[in-house]
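Undergrad: Can you look at this prediction? I've put the sequence above it.
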Amino acid sequence: MRSTPVPGHTPLRRYALWTPRSSDDQPEIHDLNDFFRLSAILNMQLSAKSVGKPNIISVIYGQREISPQDSQLLQSVLEYLGTAYGESRRKLGSLALLHPLRAASLLAKASDEPSTLDLLTELLHDKLEDLTPDELGKQRWKESEDQFQALLKTIDPLDEWYLMERLEWLTRQPDDTYFGYIGRLLDHAEQTPSLVAVKLADRLDNTLDMRIDLRDPIEGVDFFATMFQVGFVNSYSGYVPVGPHPQPSPLNGAQRLYQLFKNAVLLSLIRQRGLDQSTEGILTLFNGLTLASMKEAQRTVLHIFGYHLTEVSKQRDLLMTAMTYAQSGGMDRVTRPREGQPLDGLFVSCFDDSDREIRDHRLDALYEDKELMVLASLAFIVIFLSFLDEPTFSIADMTEAGILPRE
């Protein structure tokens, strides 16, 4: 099959991104507070009596100049998405339309010069999977599909062909495992690396969109300093969160950890192909997703230490268990369950099952086990730090055929 040409790329320098950055050479696309602001701005435009489509395009492009032709095309896409999504909501209650808009904005922010084809792909990446007659109902689907076909006629035929090809590649089929789906996508990304950027921006938005807080719960908190105090300072009285326990969310902590597992799968499979440094934009998104995932795991640890397992001696025991396991190399590979070691078999026992009902049952059990939740979160922090610190790191035995635990 034909694919878009792959342009030449200059060598990419390695950089550490897990500490705060003050320079402007790489955007901090992982920041949760920035994500909340982006959501609020886009939601304001969508909620206005007269939706400011040019304003939405400006938000996505980040004030870059755009040609009148591309602006009109993107406005037509926004019109289509508005009809197709309507008032549909995501799991936490926000407008479903916000997801493709934010993902496109993240993609553009990570790119020096985002191509219109890449932004179209990002905006429409869920079309073939979610915007179907079964999901929308026949009448709304027909109305939106008529709009979509009309806008396709305004696109150059070759670009239209490339766009539809990419949307097919990004669509997960009903019988796909997540591993197989990502593997097939990366097969095509060998020639069309922008697919990696589109998928990373999609996962980054999904990761940041797991919370509806007014601000980042760990804003102003030095996680690593807090863990040092837990581990070494005998007089430390424990982490005290700001405010009472949050109200229950439709997405609990165990379900968030499952999303981090999916991120670990995606990052591992991309890294194994050497596609994480295909372009500067892909590298920025790869590291942004890694950082966002690590921060989410930190939030889980601090939440449990602040509200549930508040005894510092118990917290210290959990840190020591995780540290010993990490030093043994257990977090660098997939393992089988083993009596006496709670982290052995974590992926197999808690996250990896193609049967959604079984997986949900396992996640419910994980949610009730706060000690294992902490250990799992610490394991993810170590894994994501390893992605940032070691340019060849991936989780051993995690393959496109699934996870293959060692004996």
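TA: Arrived safely. Numbering: from 1, shown residues only.
Undergrad: And this structure, split by domain according to the record?
TA: The chain breaks down by automatic domain parsing into domains covering 32-171, 206-403.
Undergrad: Give me the neighbour count for the nearest residue to residue 42 once chain neighbours are set aside.
TA: Nearest residue to residue 42, sequence neighbours excluded (Cβ to Cβ, 6 or more residues apart in numbering): residue 101, at 5.3 Å. (C-beta placed from N, C-alpha, C; glycine too.) As a burial measure, residue 101 scores 25 neighbours (other Cβ atoms under 10 Å).
Undergrad: do the same with residue 314
TA: Residue 314 has 15 nearby residues by other Cβ under 10 Å.
Undergrad: Give me the pLDDT value at residue 284.
TA: Looking at residue 284, its pLDDT stands at 96.
Undergrad: Next secondary structure after whichever strand or helix holds residue 225?
TA: With secondary structure defined by DSSP states H and E, residue 225 is part of helix 223-232. Next in sequence after helix 223-232, counting helices and strands by DSSP H and E, comes helix 253-273.
Undergrad: Retrieve the pLDDT associated with the residue nearest to residue 42.
TA: At residue 101, pLDDT is 97.
Undergrad: residues touching it, list them.
TA: When contacts are counted by Cβ atoms under 8 Å, 6 or more residues apart in numbering, residue 101 touches 42, 56, 59-60, 81, 123.
Undergrad: re the thing from before, can I get the domains of the chain in a markdown table including distance to residue 199?
TA: Output for the domains of the chain, formatted as a markdown table (distance: least, Cβ to Cβ, whole Å):
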| stretch | distance to residue 199 |
| --- | --- |
| domain 32-171 | 7 |
| domain 206-403 | 7 |
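Undergrad: Tell me which other helices or strands the longest helix seen in the chain touches.
TA: The longest helix of the chain (DSSP state H) is helix 280-307. With contacts taken as 3 or more Cβ pairs under 8 Å, 6 or more residues apart in numbering; DSSP states H and E, helix 280-307 sits against helix 98-110, helix 194-208, helix 223-232, helix 253-273, helix 370-389.
Undergrad: Make JSON lines out of the ones you listed and add distance to residue 87.
TA: Formatted as JSON lines, those follow (distance: least, Cβ to Cβ, whole Å):
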{"stretch": "helix 98-110", "distance to residue 87": "12"}
{"stretch": "helix 194-208", "distance to residue 87": "20"}
{"stretch": "helix 223-232", "distance to residue 87": "38"}
{"stretch": "helix 253-273", "distance to residue 87": "24"}
{"stretch": "helix 370-389", "distance to residue 87": "34"}
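Undergrad: Quick one: closest of the ones you listed to residue 297.
TA: helix 370-389 (4.2 Å; Cβ to Cβ).
Undergrad: in the closest one, what's buried?
TA: Within helix 370-389, the residues that count as buried by 16 or more other Cβ atoms under 10 Å are 370-388.
Undergrad: Check stretch 266-282 too.
TA: Buried residues in stretch 266-282 (16+ other Cβ under 10 Å): 266-273, 275-282.
Undergrad: tell me the residue furthest from the middle of this structure?
TA: Most distant residue from the mean C-alpha position of the chain: residue 235, 38.0 Å away (Cα atoms, centre = their mean).
Undergrad: That residue and residue 137: what is the separation?
TA: 62 Å (Cβ to Cβ, to the nearest Å).
Undergrad: for stretch 176-196, which positions count as buried?
TA: Neighbour counts using 16+ other Cβ under 10 Å place 178-183, 185-186, 188-189, 192-196 of stretch 176-196 among the buried residues.
Undergrad: Going by distance to residue 172, which of those residues wins?
TA: If you rank these by distance to residue 172 using Cβ to Cβ, residue 181 comes first, at 4.5 Å.
Undergrad: wait, what's in contact with residue 39?
TA: Shown in contact with residue 39 (Cβ under 8 Å, 6+ apart): 94, 98, 102.
Undergrad: can you redo those as JSON lines with neighbour count and distance to residue 310?
TA: Formatted as JSON lines, the contacts of residue 39 follow (neighbours: other Cβ atoms under 10 Å; distance: Cβ to Cβ, whole Å):
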{"residue": "94", "neighbour count": "16", "distance to residue 310": "32"}
{"residue": "98", "neighbour count": "19", "distance to residue 310": "36"}
{"residue": "102", "neighbour count": "25", "distance to residue 310": "35"}
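Undergrad: Could you export those as a markdown table, including distance to residue 294?
TA: Below are the contacts of residue 39 laid out as a markdown table (distance: Cβ to Cβ, whole Å):
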| residue | distance to residue 294 |
| --- | --- |
| 94 | 24 |
| 98 | 24 |
| 102 | 20 |
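Undergrad: on that earlier part again, state the distance from the residue farthest from the centre of the chain to residue 42.
TA: 47 Å.
Undergrad: and what of residue 297?
TA: The gap separating residue 297 from residue 42 is 27 Å, by Cβ to Cβ.
Undergrad: Which of these two has more residues huddled nearby?
TA: The residue with more neighbours, out of residue 297 and residue 42, is residue 297; 24 against 21, by other Cβ under 10 Å.
Undergrad: Now do that one against residue 380, distance only.
TA: Taking Cβ to Cβ, one finds residue 297 at 4 Å from residue 380.
Undergrad: shared neighbours of those two, which are they?
TA: Common neighbours of residue 297 and residue 380, using Cβ under 8 Å, 6+ apart, are 257, 260.
Undergrad: Below-threshold pLDDT in the chain: ranges please.
TA: 1-27, 49, 51, 406-407 (pLDDT under 70).
Undergrad: Residue 333 pairs with what?
TA: residue 396 (DSSP bridges).
Undergrad: Good, wrapping up.
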